[in-house]
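>>> quick one: sequence plus predicted model below, questions after.
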Amino acid sequence: MKLLDIARNHPGQLLFIAETLLLWSIANYGVVADLLPSDDAPSRKFVPRWRAVVIVRSLAAAIAVLFVGGFRAAWPITLIVSGSSIALPFVRRWVRLARTAEVETASVMLTWSAIVGVSVHRGVSTASSLAWRPFPENDVASVCLITAVVLFNFRGGTHIVRSLLEKCGSVITAVGATSQATEIQRGRWIGNLERALLLAIIAEGSYPAIAFLIAAKGLIRSKELENRDFAEYFLVGTLASIAVALAAGIVIRGIIASFWT
């Protein structure tokens, strides 16, 4: 309700919030895959480069927020954007893989809530010279918010699904040690495509199509499902992927219903 009031009564504020959330999502989910505890030990040369990329992309996002909202009003928000964007990859790297689902979910909820809360409290808005004049402000804000959710649905969803599989020990028992890395990599691509389809289905409200998608996926791997360990791995991964896409799809439906003109 607060965002709806802002959209109606405070031009530029909703657009600033949406652009800031998009910049944060790009920094954390759209630029370079982060290291995870399950990854093979990286070379000594790669780790410093990865750390540098994390810092540079976080500072770039913070500078972009300052450019959009102005230094005087937006500087506390830049601290939130840069601080969380630097902290999240390192926390994700050093906690146990089974805990990354909680880390991912908590970081998104806390960071997005902090950005919205501080932006509203300070009344920060996008500079009129940067507004997308040919298009309604609410539509541009909706596109930014939806893009941020989609970015999370892909890479953030992968982190959550992988963590839940690790909690159950499903990957280790479902595939042999020599094929585990291959199966995980293949599963990531399949999961991303699956969540993309699910997101479109849920955003359109075509919920019966979810059953068709699951049935088709099960039919393709029906022989492997005779293996109990693989069946559990398949079930946990599929249900976790659906849960992420369902949550993201519901958020997108809410954005469209609330802000799209």
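Good, I have the coordinates. No experiment lies behind these values; they were computed from the predicted model shown.
>>> going forward, measure contacts and count neighbours with C-alpha atoms only.
Noted.
>>> what comes up buried for the lengthiest helix in the chain?
As assigned by DSSP state H, the longest helix anywhere in the chain is helix 228-259. By 16 or more other CA atoms under 10 Å, the buried positions in helix 228-259 come out as 229-238, 240-246, 248-252, 255-256, 259.
>>> stretch 66-79 too?
The neighbour-count check on stretch 66-79 (16+ other CA under 10 Å) flags 66, 68, 69, 70, 74, 75, 77, 78 as buried.
>>> what ranges does the stretch 1-150 of the chain have for its helices?
In the stretch 1-150 of the chain, the helices defined using DSSP state H, counting those that start in this stretch lie at 2-9, 13-25, 46-69, 71-94, 100-122, 137-151.
>>> out of those, deepest packed?
helix 13-25 (a mean of 26; mean count of other CA atoms under 10 Å).
>>> now do that helix: everything it contacts.
3, 6-7, 61, 64-65, 68-69, 81, 85, 112, 115-116, 119-120, 123-126, 137-138, 140-142, 144-145, 147-149, 151-152 (CA atoms under 8 Å, 6 or more residues apart in numbering).
>>> cool, and stretch 79-93?
Stretch 79-93 is contacted from outside by 24, 27-28, 34-37, 54-55, 58-59, 61-62, 100, 103-104, 107, 111, 114-115, using CA under 8 Å, 6+ apart.
>>> to residue 164, which of the helices of the stretch 1-150 of the chain lies closest?
For these, the distance to residue 164 is smallest for helix 100-122, at 6.8 Å, taking CA to CA.
>>> helices and strands around the closest one, which ones?
Packing partners of helix 100-122 (3 or more CA pairs under 8 Å, 6 or more residues apart in numbering; DSSP states H and E): helix 13-25, helix 71-94, helix 157-168.
>>> would you turn those helices into TSV with mean pLDDT?
Formatted as TSV, these follow (pLDDT from 0 to 100):
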stretch	mean pLDDT
helix 13-25	92
helix 71-94	91
helix 157-168	86
